Every structure is written in structure tokens, then in C-alpha cells.
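# The sequence and its predicted three-dimensional model are supplied below.
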Amino acid sequence: MAKAGAAAQGWYWDPYREHEDRYFSDGRPTDLVRDGARESFDPPPDLPLPAPLVPAASDMRESRGLGDLHRAGETEGDAFSHRRMARDQAISAMVRYGAAR
């Protein structure tokens, strides 16, 4: 569950149960959703959050229970986590400022 007082940032189970996951930016639900490996856009309902937020697996390795695997030569917290953090920041910027289409 999301920490009390912390602004949700990243993928969470969709609390509205319209999709598997919904991306949150600065504590607010965004239009970015995913079902399996497919990402799309669907505006959140104009309703208060119906349930506490539960973080979703941020990529396929985690959702398959493989989040602790690393490429040869990687150390804990290097390339994989940096790519994930960069991806999450890019998604936040796209949500906040609009994606080029």
C-alpha cells in the first residue's frame, strides 16, 4: 500500500478496477493505464479514490517474480533500477505535459 502522506508516483493497481494498473503522478490518477503488457489511455472516473493504493509490478520481470534478476556484471541498484527510474520520470513528464502523438 502507498505510504500515508506520500504522493503516489508510478504504477498502482487501478483502484477503479477498470484496468489492471493505472499510472499515478504526484498523487493523482492519470489517463495512462495498462492491461498485461498493453498500455493505453483512459481517463480516470471523476470520483474519489475508492480504495487505498497498492503498488503494481513496474515491469514484466517483477510481475513474473523475476525482479531480483540482474544482467551479468550489474550490481544491486545500478542499470536496471536506473532505467526504471528514468522510464517513470519520462512517463510522468508525458502525463503532465502531454505526449507527442
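Right, received. Where do you want to start?
# In this structure, where's the longest strand?
Longest strand of the chain, by residue count under DSSP state E: strand 28-35.
# List the buried residues for it?
Residues of strand 28-35 classed as buried: 29-30, 32-34 (neighbour count, 16 or more other CB atoms under 10 Å). Heads up, the C-betas are built off the backbone N, CA and C, glycines and all.
# ditto for stretch 18-29
Buried-residue list, stretch 18-29, by 16+ other CB under 10 Å: 19-25, 29.
# Pipe these into CSV and attach secondary structure per row.
Output for the buried residues of stretch 18-29, formatted as CSV (DSSP: H, G, I helix; E, B strand; the rest coil):
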residue, secondary structure
19, coil
20, coil
21, strand
22, strand
23, strand
24, strand
25, strand
29, strand
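# and which of those is nearest to residue 11?
For residue 11, the nearest member of the buried residues of stretch 18-29 is residue 21. The distance, counting by CB to CB, is 4.8 Å.
# And the pLDDT at the closest one?
Residue 21 is assigned 96 on the pLDDT scale.
# Perfect, I'm done here.
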